[in-house]
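Novice: sequence? don't have it. structure:
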């Protein structure tokens, strides 16, 4: 197992896609540093420790710059970091004309600013220690497939895709890869009410050749690929894992 004994940071690890990633990392024998904002991190802790790995958890509000920087310092103090998975995100379904500056700022701070600053600070330590590490960001199909109620979210995820390309260029000389996953429709806590609507399910699934919603495990498999040795020559890539949603 290529990730056995390696330390991977996962943001937003207490639920949804983040918890799915933790489960796959446990199977790979990785050690995990988990970020969470709210909710119970106990399940993630038990999953890693039962698999024989070490688990450390830090709470932080990623909409707050001071807390983002403090989180980066706490993570770096844990020792050699091999991988960073910038999974945490927020998504508000709002009419375009009612999006407030506060909603816009929180959307961009959590979805774009936090990954930028965490990547900057954690890869800086990788470089100093000579670690040829991995960064995996989270974009979204919304970045390239418009949604009238997710204008600010889609814009932030589009920025993540661009950041992934640029950071790959900046960090490649140090042997650090930067890639992104672009999930399709997958029910999680922040979107389950919307995706459960019959009209939403019919419209979204009709656009996918696979004709069904995804599962967090599908995304976790893509993340583990990018973290692993077999992706050592893959960087600057944004991979849709979307049941074929963007194929149409």
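Specialist: Arrived safely. Nothing here was measured: the structure is a model prediction, and the numbers come from that model. Residues are numbered from 1 along each chain as shown.

Novice: per-residue pLDDT, the most centrally placed residue in the chain?
Specialist: The chain has residue 87 as the residue nearest its centroid, 1.9 Å off, counting by Cα atoms, centre = their mean. Residue 87 carries a pLDDT value of 98.

Novice: Can you give me the distance of it to residue 155?
Specialist: Distance of residue 87 to residue 155, given as Cβ to Cβ, to the nearest Å: 19 Å. Where C-beta positions appear, they are placed from N, C-alpha and C, glycine not excepted.

Novice: Same check on residue 227?
Specialist: Taken as Cβ to Cβ, the span from residue 227 to residue 155 is 27 Å.

Novice: Please say which of those two ends up with more neighbours.
Specialist: residue 227 (28 against 16; other Cβ atoms under 10 Å).

Novice: contacting residues around the more buried one?
Specialist: 3, 8, 82, 83, 85, 134, 136 (Cβ atoms under 8 Å, 6 or more residues apart in numbering).

Novice: ok, of these, which one's closest to residue 171?
Specialist: Closest approach between the contacts of residue 227 and residue 171, by Cβ to Cβ: residue 134, at 10.2 Å.

Novice: if I pick the closest residue to the closest one other than its chain neighbours, what's in contact with it?
Specialist: Nearest residue to residue 134, sequence neighbours excluded (Cβ to Cβ, 6 or more residues apart in numbering): residue 83, at 4.4 Å. Neighbour list for residue 83: 3, 6, 7, 8, 9, 30, 133, 134, 135, 136, 227 [criterion: Cβ under 8 Å, 6+ apart].

Novice: Is the first one located within a helix, as I assumed?
Specialist: Just to be clear, that refers to residue 3. No - in this structure, residue 3 is coil, not part of a helix, as judged by DSSP: H, G, I helix; E, B strand; the rest coil.

Novice: Look up the pLDDT of it for me, please.
Specialist: Looking at residue 3, the pLDDT reads 97.

Novice: who's the closest residue to residue 232 other than its chain neighbours bridged to?
Specialist: In space, and not counting its chain neighbours, residue 232 is closest to residue 177: 7.1 Å by Cβ to Cβ, 6+ apart. Beta-bridge partners of residue 177, counted by DSSP bridges, are residue 134.

Novice: Same question for residue 7.
Specialist: residue 31.

Novice: could you measure it against residue 56, distance?
Specialist: 9 Å.

Novice: Can you list the buried residues in the strand or helix carrying residue 20?
Specialist: Element membership for residue 20, per DSSP states H and E: helix 16-28. The neighbour-count check on helix 16-28 (16 or more other Cβ atoms under 10 Å) flags 16, 17, 18, 19, 20, 21, 22, 23, 24, 25, 26, 28 as buried.

Novice: Tell me where the protein has strands.
Specialist: 7-10, 31-36, 55-59, 83-86, 134-138, 177-183, 238-241 (DSSP state E).

Novice: Quick one: find the helix or strand in this structure with the lowest mean pLDDT.
Specialist: helix 192-196 (a mean of 58; mean pLDDT, DSSP states H and E).

Novice: Would you check how far apart residue 138 and residue 80 are?
Specialist: 24 Å.

Novice: Who has more neighbours out of those two?
Specialist: Neighbour tally, residue 138 and residue 80, criterion other Cβ under 10 Å: the higher count belongs to residue 138, 25 against 13.

Novice: So that one sits against residue 86, correct?
Specialist: Yes - counting by Cβ atoms under 8 Å, residue 138 touches residue 86, with 6.1 Å between them.

Novice: Sounds good, over and out.
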